[in-house]
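**Q** Quick one, fold the following:
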Amino acid sequence: MMRKCRNPEAVARHINRTARNSSMIISNVPGPMEKLSLANHPIKGIYFTVAGSPVSLQVTMISYAGNLRVVVGAKQGFINSELYTRSLLDAFDLILRDACGKQ
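**A** Numbers count the residues shown, from 1 in each chain. Got it, this is the predicted structure:
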């Protein structure tokens, strides 16, 4: 988009307009494969999210040094947090079971 418009303000307006007309955003950002440090302090993890977006549900994913980080943001009261947490843990258990080949 930036190459097409050649104007950062136009790109920002386009992204903002698109977000305003959406109820959900999913973003995936590939991160660095090697561990990073800042002023000789190792960075344990990187999270990415868009603050102040006008959407009801936002899911962002970023990989950092071979680990996947998932951030879910929702308007207050939009989802039942207890049900979401239970469902997420069940999904992780299924993924782990299938990845390890356990029955």
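**Q** Please enumerate the strands of this protein.
**A** 24-29, 37-38, 41-42, 57-64, 67-74 (DSSP state E).
**Q** Nearest the geometric middle of this structure, what residue?
**A** Centroid check for the chain by C-alpha atoms, centre = their mean gives residue 60 as the closest residue, at 1.2 Å.
**Q** ok now do that residue, which residues does it touch?
**A** 25-29, 48-50, 70-71, 73 (C-beta atoms under 8 Å, 6 or more residues apart in numbering). (Each C-beta comes from the backbone N, C-alpha and C, glycine too.)
**Q** weakest of the strands of the chain by average pLDDT?
**A** For the strands of the chain, mean pLDDT drops lowest on strand 24-29, to a mean of 74.
**Q** okay, the angle between that strand and strand 67-74?
**A** Angular relation of strand 24-29 and strand 67-74 on a 0 to 180 degree scale: 160 degrees, by axes from the mean of the first three to the mean of the last three C-alpha atoms, to 10 degrees.
**Q** ok, residue 58 - how many residues close by?
**A** By other C-beta atoms under 10 Å, 20 other residues sit near residue 58.
**Q** Kindly apply the preceding question to residue 71 instead.
**A** 14.
**Q** picking up where we left off before, deepest-packed of the strands of the chain, please.
**A** strand 57-64 (a mean of 18; mean count of other C-beta atoms under 10 Å).
**Q** Give me the distance between it and the centre of its chain.
**A** 1 Å (C-alpha atoms, centre = their mean, to the nearest Å).
**Q** quick one: the helices in this structure?
**A** 2-5, 8-20, 81-100 (DSSP state H).
**Q** got CSV for those helices, with distance to residue 39, mean pLDDT and mean neighbour count too?
**A** Converted to CSV, those look like this (distance: least, C-beta to C-beta, whole Å; pLDDT from 0 to 100; neighbours: other C-beta atoms under 10 Å):
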stretch, distance to residue 39, mean pLDDT, mean neighbour count
helix 2-5, 30, 64, 9
helix 8-20, 28, 79, 12
helix 81-100, 34, 90, 10
